[in-house]
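*Asks:* Could you work out the structure for the sequence below:
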Amino acid sequence: MHVFPSLLRGGRVTIALALLAAAPSGAALRSARLARTWLAATAVGSAPDVACAAPPELSNADLCKLFGRLADKVVLMDESSGACCHSGCDGCPYRYSFDVLEAVAPKWLCTYVTKTIAGREHTPRLISTAFGDAKQVSRADFAQRVARAAYELPIGPALPAAERIALKNAPELSEDVASTLFTALAGDAAKSTLSTVAVAKRLREWSQGKDGLMYDDFCAAFRAALTANTAKEA
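*Replies:* Numbering: from 1, shown residues only. Now for the predicted structure:
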């Protein structure tokens with residue numbers, strides 16, 4: 001694996017290599033991509049020269065259970081694209097841009113609190129599930145609501161056949177795993193409340209500015225955020 005010289009400081013490469021060794025296999029979470037994501041996310045400033053603990057263990061099943069409770073089948077994107085005829089006109093700047101994307105199963109964690117395009121309003125499942133009509137939620141309420149949310153097998157996870165079958169039928173999710181997501185979104189294990197605006201901002205960072213975050217990117221960003229939190233606390 002090629003490592004940039006500028007990253008060879010403060011034990012950061014050691015952490016990245018640990019991620020490569022510990023990450024579960026499968027297309028749903030590529031360990032190399034995870035390590036690159038973590039290194040990029042922490043590239044600004046110098047890291048403390050400490051031995052950081054490993055991130056909390058999250059199985060592919062845990063990630064699938066979370067995503068299947070919070071992801072949407074629709075994502076609203078570029079409002080200006082709604083005026084496009086989508087006929088493939090030469091030179092049209094909107095030719096490959098769409099105002100709305102839809103799927104047959106949960107596919108995106110939407111990165112906005114709410115959005116309206118051409119009279120169609122959409123509030124993401126994560127927001128409606130965890131917050132209801134409120135703008136803030138406590139850690140305990142977030143964990144309980146997410147754990148109890150309705151589940152549907154999402155698009156994205158690459159799982160063994162037996163595990164995939166087991167995950168089709170409303171598998172239980174522990175509140176501890178849901179609380180781990182709260183920590184990753186809050187950016188601090190000590191925080192006890194989380195706002196809708198903070199969630200949308202965090203997800204948009206994870207998606208690199210896109211309106212929807214798909215499964216593989218969610219897995220990589222989630223684990224990288226937990227690793228960064230662990231490093232910060234050490």
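*Asks:* Kindly list the longest helix within this structure.
*Replies:* helix 215-233 (DSSP state H).
*Asks:* other SSEs contacting that one?
*Replies:* The contact analysis (3 or more Cβ pairs under 8 Å, 6 or more residues apart in numbering; DSSP states H and E) places helix 215-233 against helix 12-22, helix 31-41, helix 60-70, helix 175-186, helix 196-206. In this view, the C-beta of every residue, glycine as well, is placed from N, C-alpha and C.
*Asks:* Quick check: mean pLDDT of the next helix or strand after the last one?
*Replies:* Following helix 196-206 in sequence order, the next helix or strand is strand 212-213 (DSSP states H and E). Across strand 212-213, pLDDT averages out at 96.
*Asks:* Need the contact partners of strand 212-213.
*Replies:* Outside strand 212-213, the residues within contact range by Cβ atoms under 8 Å, 6 or more residues apart in numbering are 72, 75, 77, 101, 107-111, 203, 206-207, 221.
*Asks:* Next, give phi and psi for the residue lying closest to residue 122 once chain neighbours are set aside.
*Replies:* Closest residue in space to residue 122, ignoring its immediate chain neighbours: residue 76 at 5.0 Å, by Cβ to Cβ, 6 or more residues apart in numbering. Main-chain torsions, residue 76, degrees, to the nearest 10: phi -90, psi 130.
*Asks:* quick one: contacts for residue 76?
*Replies:* Residue 76 neighbours (Cβ under 8 Å, 6+ apart): 99, 100, 110, 112, 115, 116, 117, 120, 122, 211.
*Asks:* Any of those residues buried? List them.
*Replies:* By neighbour count, with 16 or more other Cβ atoms under 10 Å, the contacts of residue 76 hold 99, 100, 110, 112, 115, 117, 122, 211 as buried.
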